[in-house]
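Just a sequence and a predicted model for now, questions to come.
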Amino acid sequence: MTPEDVTALFTRADGQYLFARWGRPIAPVVFGVEDATLATVKGAAEAVVALAGHQMAETDPELGSNLMIFFLRDWQELLETPNLDRLVPDLAPLVARLQEAGANQYRFFRFDAAGGIKAAFVFVRMDEELSKLPAETIALSQMVQTILLWSDTAFAGQSPLARAPDGTLVLRPAIAEVIRAGYDPVLPVMAADASHALRLAARMGAMQ
């Protein structure tokens with residue numbers, strides 16, 4: 001992966017470069033799934049966090065759970081979730097935009113004083129398209145897209161996941177390298193200058 005490729009992963013549609021990683025251990029909670037799927041989601045979380053060299057926790061001292069993953073059938077369900085409007089600003093207009101766009105997923109992040117991720121809210125609407133996918137595919141995809149603050153266009157053309165020759169679902173090696181390098185302690189927890197991508201690419205090369 002070239003430095004230009006890395007830059008593109010964190011350059012938003014408006015041209016702004018913005019990278020952020022979690023600044024605290026991740027304490028997830030999952031809503032709207034059965035126990036079997038819950039285990040799949042938590043397994044995906046553990047795998048991606050381990051890949052990053054980051055940590056998980058039972059609870060977050062400030063928020064209780066700092067990664068909330070919601071599986072739902074209709075966006076309207078978000079408006080019926082108690083107190084969610086306190087956590088996600090402008091929830092009603094957001095739901096209206098998601099309905100109008102026919103979206104099937106949305107991620108919202110909150111940040112700490114240093115710019116690191118301190119909370120994430122993941123909403124997955126199980127439409128016809130997503131309902132055809134195995135739970136492991138959805139869970140791993142969402143965790144990969146939540147472990148870093150990627151560009152809003154990062155995976156528009158290609159999924160971060162791939163199938164190994166034996167059919168096993170795996171993370172694309174280049175994306176795995178970006179995640180590992182992104183959590184290298186020598187790099188900042190947040191960066192808004194594209195020169196950061198050069199440092200990120202250099203760390204990826206050093207890890208090989």
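Structure received.

If V124 is in a bridge, with which residues?
Counting by DSSP bridges, V124 forms beta bridges with F71, Q105.

List the contacts of it.
69-72, 104-105, 130, 138, 142 (Cβ atoms under 8 Å, 6 or more residues apart in numbering). C-beta: built from backbone N, CA, C; applies to glycine.

okay, it: pLDDT?
Reported pLDDT at V124 in the predicted model: 96.

Nearest residue to A57 in space, ignoring adjacent ones along the chain?
P25 (3.8 Å; Cβ to Cβ, 6 or more residues apart in numbering).

Do I have it right that that neighbour meets P61?
No. At 9.7 Å, P25 does not count as touching P61 under the criterion of Cβ atoms under 8 Å.

And these two? Which one has more around it.
A side-by-side neighbour count of P25 and P61, using other Cβ atoms under 10 Å, places P25 first with 15 against 10.

From L63, how far off is the more buried one?
11 Å (Cβ to Cβ, to the nearest Å).

before we move on, what SS does the residue most central in space within the chain have?
In the chain, the centroid-proximal residue (Cα atoms, centre = their mean) is T146; its distance is 1.2 Å. Secondary structure, DSSP: H, G, I helix; E, B strand; the rest coil: T146 is helix.

for it, what are its contacts?
Contacts of T146 (Cβ under 8 Å, 6+ apart): 67, 107, 120, 122.

can you map out the strands along the protein?
With strands called from DSSP state E, the chain shows them at 19-20, 28-31, 67-72, 105-111, 117-125, 161-163, 169-171, 190-191.

which of the ones you listed sits most buried?
Highest mean neighbour count of these: strand 19-20, a mean of 25 (counted as mean count of other Cβ atoms under 10 Å).

so what does that strand touch, helix or strand wise?
strand 190-191, helix 195-207 (3 or more Cβ pairs under 8 Å, 6 or more residues apart in numbering; DSSP states H and E).

Figure out which of those is closest to G15.
Comparing the helices and strands packed on strand 19-20 against G15 with Cβ to Cβ, the closest turns out to be helix 195-207 (13.7 Å).

Only alpha carbons, please: show that closest one as PDB.
This file holds the C-alpha atoms of helix 195-207, laid out as PDB (Å, rounded to 0.1, in the frame of the first residue of the first chain):
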ATOM      1  CA  SER A 195       1.800  14.300   6.500                       C
ATOM      2  CA  HIS A 196       0.600  11.800   9.200                       C
ATOM      3  CA  ALA A 197      -0.200   9.300   6.400                       C
ATOM      4  CA  LEU A 198       3.500   9.300   5.500                       C
ATOM      5  CA  ARG A 199       4.400   8.400   9.000                       C
ATOM      6  CA  LEU A 200       1.700   5.800   9.100                       C
ATOM      7  CA  ALA A 201       3.000   4.200   5.800                       C
ATOM      8  CA  ALA A 202       6.600   4.300   7.200                       C
ATOM      9  CA  ARG A 203       5.400   2.400  10.300                       C
ATOM     10  CA  MET A 204       3.700  -0.200   8.100                       C
ATOM     11  CA  GLY A 205       6.900  -0.700   6.200                       C
ATOM     12  CA  ALA A 206       8.900  -1.000   9.500                       C
ATOM     13  CA  MET A 207       6.500  -3.700  10.800                       C
END
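
buried stuff in that helix?
196-197, 199-201, 203-204 (16 or more other Cβ atoms under 10 Å).
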